[in-house]
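S.K.: What follows is a predicted protein model with its sequence.
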Amino acid sequence: MKPRPPTLRANRRYLLVRIAPVSFVPDGKPLYLAIAEAVSALYGDAGAAVIDQAVVAVERGHAIVRCRRGEEERLMAAVATVSAVDGTACALHPRAVSGTILSLRDRLVPPPESVLLDETVDGEIVRQRRRIGAARVDVIEHDYKGERVVYFETIHPEER
């Protein structure tokens, strides 16, 4: 089967999304399901069919989501409402929209690496304090169910 010429192809837009916390890297399918649920909750099944979203790539700290041209504003609104992916609390922050994936990859800023500050063990639960960048400390809890971010803490200037 021959590919369609460019004049007959559907025009697409790509949305760059920052994932918080930085330590959480979801798989593509659970991220797609969370975004699809948010889109259908806001706009219904008919609106979700018009937007036609898809997760193209997931990299450390970022994801690229595809939609139809003209629907990027509605997709940004829906993405901003996602509060959990596969049962793990996280936030998705829309950063940029483009017509090509390559131009969005140029805008990717690698998130800062996390540095382990200390670790406490309480039975089977392990809590780690990690410094991310210069202004924030996250507490990540590991147990038999997996890992989750317990809370974010801002570093006071006296502690630096």
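M.R.: Arrived safely. Numbers count the residues shown, from 1 in each chain.
S.K.: can you give me the strands in this protein?
M.R.: Using DSSP state E, the strands of the chain run over 12-20, 54-59, 62-68, 84-85, 88-89, 91-98, 114-122, 125-132, 136-143, 146-154.
S.K.: which non-adjacent residue is nearest Cys67?
M.R.: Nearest non-adjacent residue to Cys67, counting by CB to CB, 6 or more residues apart in numbering: Leu75, 4.5 Å away. All C-beta atoms are positioned from the backbone trio N, CA, C, and that covers glycine.
S.K.: List the residues that contact that neighbour.
M.R.: Residues near Leu75 by CB atoms under 8 Å, 6 or more residues apart in numbering: Leu15, Val39, Ile51, Gln53, Val65, Cys67.
S.K.: And the residue nearest to the third one when sequence neighbours are not counted, how far from Ala49?
M.R.: I take that to be Ile51. In this structure, Ile51 finds its nearest non-sequential neighbour in Glu71, 4.5 Å apart by CB to CB, 6+ apart. Applying CB to CB, to the nearest Å, the value for Glu71 to Ala49 is 11 Å.
S.K.: Does anything pack onto the helix of greatest length in the chain? Which helices or strands?
M.R.: Identified as the longest helix of the chain according to DSSP state H is helix 28-51. Judged by 3 or more CB pairs under 8 Å, 6 or more residues apart in numbering; DSSP states H and E, the packing partners of helix 28-51 are strand 54-59, strand 62-68, helix 72-80, strand 84-85.
S.K.: OK, contacts around the closest residue to Tyr32 other than its chain neighbours?
M.R.: Nearest non-adjacent residue to Tyr32, counting by CB to CB, 6+ apart: Val55, 4.4 Å away. Applying CB under 8 Å, 6+ apart to Val55 gives the contacts Gly28, Lys29, Leu31, Tyr32, Ile35, Ala63, Ile64, Val65, Arg66.
S.K.: roughly how far apart are Val55 and Leu33?
M.R.: Relative to Leu33, Val55 is positioned 9 Å away (CB to CB).
S.K.: swap in Val22?
M.R.: Per CB to CB, Val22 is found 22 Å from Leu33.
S.K.: When the two are compared, which one has more neighbours?
M.R.: The neighbour count for Val22 versus Leu33, taken as other CB atoms under 10 Å, is higher for Val22 (20 against 15).
S.K.: thought the more buried one was touching Gly61?
M.R.: Yes. Between Val22 and Gly61 there is a contact under CB atoms under 8 Å: 5.2 Å.
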